[in-house]
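Coordinates only, no sequence provided:
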Ligand code: FES
């Protein structure tokens, strides 16, 4: 039995320019063909902030983070990750700084060196809103 899963396809402009639309449509068609469209939701997201490695696809709840995905990869991702619950190693991001072990059971994209050097402005903005409202 397949649990509820989400396939997040980056819909940012850089990934769109690299066929993210076709990737999204491939996932929809394969899920329909496999009878999984009610168990798996395909969602277009905003930019993941990692455009140079796009198109990006993230699978939840497995947290698999796939880079440089092509439309023809969708079938393998559905069969391996969604149905069998295992990653597609060739699509996992390989961190040059070796901060990420692509063979680890649970992959955390926040361990990628690229993301560790970033500061999430949305969190700051949210925190500032809370601070501001609590001081009124
Ligand atoms: S547009 Fe996809 S990661 Fe930026």
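Happy to help now that I have it. Everything numeric in this text was worked out from a predicted model, so none of it was measured.

Just the closest residue of this structure to the ligand, please.
Proximity of the chain to the ligand (Cβ to the nearest ligand atom) peaks at residue 12, 2.4 Å away. Where you see a C-beta, it was placed from the backbone N, CA and C, and this is true even at glycine.

What sits closest to that residue if chain neighbours are left out?
residue 47 (3.1 Å; Cβ to Cβ, 6 or more residues apart in numbering).

that's a helix at the one you found, yeah?
No - Residue 47: not assigned to a helix; according to DSSP: H, G, I helix; E, B strand; the rest coil it is coil.

Residue 9 is in contact with that one, correct?
No - using Cβ atoms under 8 Å, residue 47 is not in contact with residue 9, being 11.8 Å away.

Can you verify my assumption that residue 19 contacts residue 70?
Yes - counting by Cβ under 8 Å, residue 19 touches residue 70, with 7.0 Å between them.

Which one's more surrounded, those two?
Per other Cβ atoms under 10 Å, whichever of residue 19 and residue 70 has more neighbours is residue 19, with 16 against 13.

which ones are touching that one?
Counting by Cβ atoms under 8 Å, 6 or more residues apart in numbering, residue 19 makes contact with 55, 70-71.

Thank you, goodbye.
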